[in-house]
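A.B. asks: Everything below, folded, please.
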Amino acid sequence: MTTNQLHPGFAASTTRARLLTLARTPGSLWLETAGTRRASAQSIISTTPALWLRGTGNFLEIVPGPEGDRGWLRRFRDADPGPGDAFDRLQRIANRLRFSPTGTESPSGSKPPLFLGGLAGCFSYDLGRRFENLPHQLKTEVPWDFQLGLYDEVLLIGGDRAQEIRHHRLPGAPFTLLQRWQQLNTSPVQLPDPKAGLAGTLQTELSQAEHSEAVARIKAEIRAGSVYQANLTFRMRGRCPHPDSPLSTFARLLRDNPAPYAAYLDLPDCTLVSSSPESFLELQRDGRVQSQPIKGTIARLPQQPAEDRAQREKLIKSKKDHAELAMIVDLMRNDIGRVCEPGSVDRNPQLIAEAHPSVWHLVGTVRGQMGQGRDAFDLLRACFPPGSCIGAPKLRAMALLEELERSRRGPYTGAIGWIGLDGTLSLSVAIRTLLFQGQQVSFGVGGGIVYDSEADSEWHEALLKGRALVSALRSKEAAEKGWIESDRSRAGTETAEPCP
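C.D. replies: Coordinates of the predicted model:
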């Protein structure tokens, strides 16, 4: 199979074809920021983690990776403090194995932290239940609070110089990944089948009428003073029988909907494909913390520049969207402030209107400085789950959503990314994220409900957020088919700039 059989845009990109080939390796991790606003946009790739770590409650499972543990299993078990909360044990293991890299400076200014090796994967939304006392009414679709790989070799491609390739490895790690990359200079690439994707149509787990009833319930709670905002979500589900569906879908997303926090993650029991626009948390080695919550979405019209600018202005002038973002920014300031030096968290965070291929978003940037004795796990615990996908007050909103939503969120609205063994962290909010399990695929969409929300507008905004995922799921042959189940029983239809 040649490159242009998959995507014409990849034909000129030998690097992209090699990345797609490596991503077919078991346990692959691919984080992609190429094509976004960042001057330091890069691809992060790794494969065959030395270990898998899966935790839920007081159960922490540590097992060898796809090609053996390379001596790491004993090191992790020696560092394991023993029975207790799985997240706490993970924190203590990571701290006991922490290392200080040499010859690599911490990024300055607005550059993101560097992944030099460590733990990468997904923290499920339901990890938040381990930190707070919340009701349990819904069934879970994944049997874990977090699932991570220990990646001891990493390739970073791009950055300040577009074709720069850097190889990082943890102490004692091999050069296997680098050798595989070099071999792809002369060996044929193996790309996913371009026909792999959605078979049939997608189904929503609730109708527009049912969604409207849930919006009305939230607005009643707001009038009663119980909550100020709640982020109502629902899942869409379909079938993807071809085993190449996850990677082929990711390739289409990279081509058509590049995102600041795109991710492909091959886990033992599922595959995650994400095109997230939202940074949850970043932590540098010098203790600098940053979060960029998103609230406010409107469709883009990139083929009509004047109309596209008008859409941006409409979003900027929306009192509702500014109010939503202000609430979430305050929530994030409070969460980050739990573990940061007093007075170090931004008092007046910057707000920007940010352009993505299909939508405009309003984005806030919150910064702080970590307190002495605090680490990446303390930061994650203080802020989890991401407030932009819940509401305010956070705990009451989570309890209310447990009553109104139809299924447990799982990875959706959790976090995807990494915690380095050098103490750094970079996690995105797991929105615009597909969960592949066997031949099934699902993803969530939603939006923040406030006092003046209109149910019809909220429904259509939720569908708008899922449109890029639906398009990426469909192979070329299915491109003209409808993307939501047509059923009479369902009453439904289907560049960053500072804000003035």
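A.B. asks: State the distance from the closest residue to R396 other than its chain neighbours to E282.
C.D. replies: Excluding the flanking residues, the one nearest R396 by Cβ to Cβ, 6 or more residues apart in numbering is V227, at 5.3 Å. Bear in mind the C-beta positions are built from the backbone N, C-alpha and C, glycine included. Per Cβ to Cβ, to the nearest Å, V227 is found 28 Å from E282.
A.B. asks: what does L177 give?
C.D. replies: Noted for L177: a distance of 24 Å to E282, by Cβ to Cβ.
A.B. asks: G158 contacts A41, correct?
C.D. replies: Yes - G158 lies in contact with A41 (Cβ atoms under 8 Å); the separation is 5.9 Å.
A.B. asks: State the number of residues packed around T48.
C.D. replies: Close neighbours of T48, defined as other Cβ atoms under 10 Å, add up to 21.
A.B. asks: can you confirm it is in a strand?
C.D. replies: No - using DSSP: H, G, I helix; E, B strand; the rest coil, the assignment for T48 is coil, not a strand.
A.B. asks: pLDDT score for it?
C.D. replies: Looking at T48, its pLDDT reads 96.
A.B. asks: Next, give phi and psi for it.
C.D. replies: Backbone torsions for T48, taken as degrees, to the nearest 10, come to phi 40, psi 70.
A.B. asks: For it, give me its contacts.
C.D. replies: Contact analysis of T48 by Cβ atoms under 8 Å, 6 or more residues apart in numbering lists T25, P26, G27, S28, G65, P66, E67, T176, L177.
A.B. asks: just V441 next, same as before
C.D. replies: L198, R237, G238, R239, C240, S245, L434, L435, L473.
A.B. asks: likewise T271?
C.D. replies: P246, Y264, L265, L435, F436.
A.B. asks: which residues of the stretch 101-250 of the chain fall in strands?
C.D. replies: 118-123, 146-151, 153-158, 165-169, 199-204, 229-239 (DSSP state E, counting those that start in this stretch).
A.B. asks: So in that sheet, which strands flank the longest one, and in what orientation?
C.D. replies: Taking DSSP bridges as the criterion, strand 229-239 sits next to strand 199-204 (antiparallel), strand 391-392 (antiparallel), strand 440-449 (antiparallel) in its sheet.
A.B. asks: per-residue confidence averaged over that strand?
C.D. replies: On average, the pLDDT along strand 229-239 is 96.
A.B. asks: just the CA coordinates of it, formatted as PDB?
C.D. replies: The C-alpha trace of strand 229-239 is given here as PDB (Å, rounded to 0.1, in the frame of the first residue of the first chain):
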ATOM      1  CA  GLN A 229     -23.700  25.500  35.700                       C
ATOM      2  CA  ALA A 230     -23.700  21.900  34.700                       C
ATOM      3  CA  ASN A 231     -22.000  20.300  31.700                       C
ATOM      4  CA  LEU A 232     -24.600  17.800  30.300                       C
ATOM      5  CA  THR A 233     -23.200  15.100  28.000                       C
ATOM      6  CA  PHE A 234     -24.400  12.100  26.100                       C
ATOM      7  CA  ARG A 235     -22.700   9.300  24.100                       C
ATOM      8  CA  MET A 236     -23.000   8.300  20.500                       C
ATOM      9  CA  ARG A 237     -22.300   4.700  19.500                       C
ATOM     10  CA  GLY A 238     -21.600   2.600  16.400                       C
ATOM     11  CA  ARG A 239     -19.700  -0.300  14.900                       C
END
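A.B. asks: Which positions within that strand qualify as buried?
C.D. replies: Q229, A230, N231, L232, T233, F234, R235, M236, G238 (16 or more other Cβ atoms under 10 Å).
A.B. asks: Residue ranges in this protein under the pLDDT threshold?
C.D. replies: Applying pLDDT under 70 to the chain picks out residues 1-13, 34-40, 103-110, 159-163, 476-500.
A.B. asks: same thing but at 50, please
C.D. replies: Applying pLDDT under 50 to the chain flags residues 1-12, 478-500.
A.B. asks: Next, the most centrally placed residue in it: phi, psi?
C.D. replies: The structure's the chain has its C-alpha centroid closest to A430; by Cα atoms, centre = their mean the separation is 3.0 Å. Dihedral pair for A430: phi -80, psi 60, per degrees, to the nearest 10.
A.B. asks: how about the helices in the stretch 151-300 of the chain?
C.D. replies: In the stretch 151-300 of the chain, the segments counted as helices under DSSP state H, counting those that start in this stretch are 176-183, 208-223, 245-256.
A.B. asks: Isn't S475 up against A199?
C.D. replies: No - counting by Cβ under 8 Å, S475 does not reach A199; the two are 9.1 Å apart.
A.B. asks: More neighbours: which of those two?
C.D. replies: S475 (20 against 17).
A.B. asks: what about stretch 440-456, distance to the chain center?
C.D. replies: The chain centre lies 17 Å from the centre of stretch 440-456; the measure is Cα atoms, centre = their mean, to the nearest Å.
A.B. asks: nope, stretch 464-479 is what I meant
C.D. replies: Relative to its parent chain, stretch 464-479 has a centroid offset of 19 Å by Cα atoms, centre = their mean.
A.B. asks: Please, where are all the strands along the stretch 351-500 of the chain?
C.D. replies: 359-369, 391-392, 415-420, 425-429, 433-437, 440-449, 497-498.
A.B. asks: Need these in JSON lines (columns: distance to G118).
C.D. replies: Below are those laid out as JSON lines (distance: least, Cβ to Cβ, whole Å):
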{"stretch": "strand 359-369", "distance to G118": "22"}
{"stretch": "strand 391-392", "distance to G118": "32"}
{"stretch": "strand 415-420", "distance to G118": "4"}
{"stretch": "strand 425-429", "distance to G118": "9"}
{"stretch": "strand 433-437", "distance to G118": "21"}
{"stretch": "strand 440-449", "distance to G118": "27"}
{"stretch": "strand 497-498", "distance to G118": "34"}
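A.B. asks: Nearest to S212, out of those strands?
C.D. replies: When the strands of the stretch 351-500 of the chain are compared by Cβ to Cβ, strand 440-449 sits nearest S212, at 11.0 Å.
A.B. asks: which one among the buried residues of strand 229-239 gets closest to Q304?
C.D. replies: M236 (28.4 Å).
A.B. asks: quick one: the residue nearest to that closest one when sequence neighbours are not counted from C240, how far?
C.D. replies: Excluding the flanking residues, the one nearest M236 by Cβ to Cβ, 6+ apart is L202, at 4.7 Å. Between L202 and C240 the computed distance is 11 Å (Cβ to Cβ).
A.B. asks: How about D145, nearest residue that isn't a chain neighbour?
C.D. replies: L127 (4.1 Å).
A.B. asks: Oh, that last question was meant for P113, not what I typed.
C.D. replies: P113 sits nearest to T424 (Cβ to Cβ, 6+ apart), 4.2 Å away.
A.B. asks: Burial check on that neighbour, number of neighbours?
C.D. replies: Residues near T424, counting by other Cβ under 10 Å, number 23.
A.B. asks: Contacts only, for it.
C.D. replies: Taking Cβ under 8 Å, 6+ apart as the test, what T424 contacts is P113, L114, F115, L116, L283, Q284, R285, A376.
A.B. asks: Next: L60.
C.D. replies: L53, R54, D80, A86, R89, L90 are the contacts of L60 under Cβ under 8 Å, 6+ apart.
A.B. asks: Neighbour-wise, which one of these leads?
C.D. replies: Note: the member of the contacts of L60 with the most neighbours is L53, at 23 neighbours, neighbours being other Cβ under 10 Å.
A.B. asks: Please give me every residue in contact with that one.
C.D. replies: L60, E61, I62, F76, L90, L119, G121, F146, Q147, L148, G149, L150.
A.B. asks: Alpha carbons only: can I get whichever helix or strand it is part of in CSV?
C.D. replies: Per DSSP states H and E: L53 is located in strand 51-56. Provided in CSV are the C-alpha atoms of strand 51-56 (Å, rounded to 0.1, in the frame of the first residue of the first chain):
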residue,chain,number,x,y,z
LEU,A,51,5.0,-2.1,31.8
TRP,A,52,1.3,-1.6,31.9
LEU,A,53,-0.2,-0.1,35.1
ARG,A,54,-3.9,-0.3,35.7
GLY,A,55,-5.6,1.0,38.8
THR,A,56,-9.0,1.2,40.3
